[in-house]
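Engineer: dropping the sequence and predicted coords here.
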Amino acid sequence: MKHTLSVLVEDEAGVLTRIAGLFARRGFNIESLAVGPAEQIGVSRITMVVPGDNRSIEQLTKQLYKLINVLKVQDITEVPCVERELMLIKVNAAASLRSEIVEIVQIFRAKVVDVSEDALTIEVSGDPGKMVAIVQMLNKFGIQEIARTGKIALTRESRVNTEYLKSLAAKV
C-alpha cells in the first residue's frame, strides 16, 4: 500500500539528506517527494509517498522522530485531505490535431503554456487521478516529455472525505 507522509522540519541545510538517507538505509523507495516552506517561518513541509505496510510505516515514523530537525510526522493516508499535483506535459501537435488536443485540455481545466510548430506544452494541476487520466488521453498524440511535482497534501479541517462522497454519487 502507498502511504502519504506529511513531515514538518526545521528549514536547515542537510535535513532532506538525512531523511533520504534514513529511507535508503531501510530499503524504502520514495515514490513522490515535494518540499516547500510551511506556514511558519523557518519550517518546511515535506510531503512524500512511500510504499509499505502499516507496521513498516509506523517504524519509519518512529525513526524520523529520532532525527534532529524533524518537528512532526503524520501519516495522512487515511485522513480526509486535499491532494494536488502539478504537471507539465509536452505533446506532439501537428496543426491538423491541435483543435482536438485543445479540446481535451479544456475538458481537464488545464492550459496550454507553450506552442511550437510541432508541439504543445500543457500545464495541469489537480489530484493524482486527473494526472493519470489526461496522460492516457494525450498518449495517442505522442508524449515528448513529462515533468511532475509529486503530490502535496493538507488535511481537511472539515474532515469531509470527498473520495467517500464521490463513491456515493457514483452509486446514485
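Structural biologist: Thanks, I have it.

Engineer: contacts for the longest strand anywhere in the chain, please.
Structural biologist: In the chain, taking DSSP state E as the definition, the longest strand is strand 81-92. The contact list for strand 81-92 (CB atoms under 8 Å, 6 or more residues apart in numbering) reads 4, 101, 113-114, 118-128, 131, 134-135, 138, 141-156. Placement of C-beta: from N, CA and C, glycine included.

Engineer: in this structure, where is pLDDT below threshold?
Structural biologist: Along the chain, the parts satisfying pLDDT under 70 run over 159, 161-172.

Engineer: just the strands in this protein please.
Structural biologist: 2-10, 32-37, 43-51, 70-75, 81-92, 111-115, 119-126, 143-148, 152-155.

Engineer: output the contacting helices and strands for the shortest one.
Structural biologist: Counting contacts by 3 or more CB pairs under 8 Å, 6 or more residues apart in numbering; DSSP states H and E, the secondary-structure elements packed against strand 152-155 are strand 2-10, strand 81-92.

Engineer: tell me the phi and psi of the nearest residue to residue 1 once chain neighbours are set aside?
Structural biologist: Among residues not flanking residue 1 along the chain, residue 53 sits closest, at 6.6 Å (CB to CB, 6 or more residues apart in numbering). Dihedral pair for residue 53: phi -90, psi 170, per degrees, to the nearest 10.

Engineer: burial count for residue 53?
Structural biologist: By other CB atoms under 10 Å, the residues close to residue 53 number 9.

Engineer: look up how far residue 84 lies from it.
Structural biologist: As for residue 53, its distance to residue 84 is 26 Å (criterion: CB to CB, to the nearest Å).

Engineer: how about residue 66?
Structural biologist: 30 Å.

Engineer: show me the contacts for the spatially closest residue to residue 120 that is not a sequence neighbour.
Structural biologist: Leaving aside its chain neighbours, residue 120 sits nearest to residue 93 (4.3 Å; criterion: CB to CB, 6+ apart). The contact partners of residue 93, taken as CB under 8 Å, 6+ apart, are 101, 115, 118-120, 141.

Engineer: quick check, nearest of the residues you listed to residue 39?
Structural biologist: residue 120 (35.9 Å; CB to CB).

Engineer: what's opposite the closest one in the beta bridge?
Structural biologist: Beta-bridge pairing for residue 120 (DSSP bridges): residue 91, residue 115.
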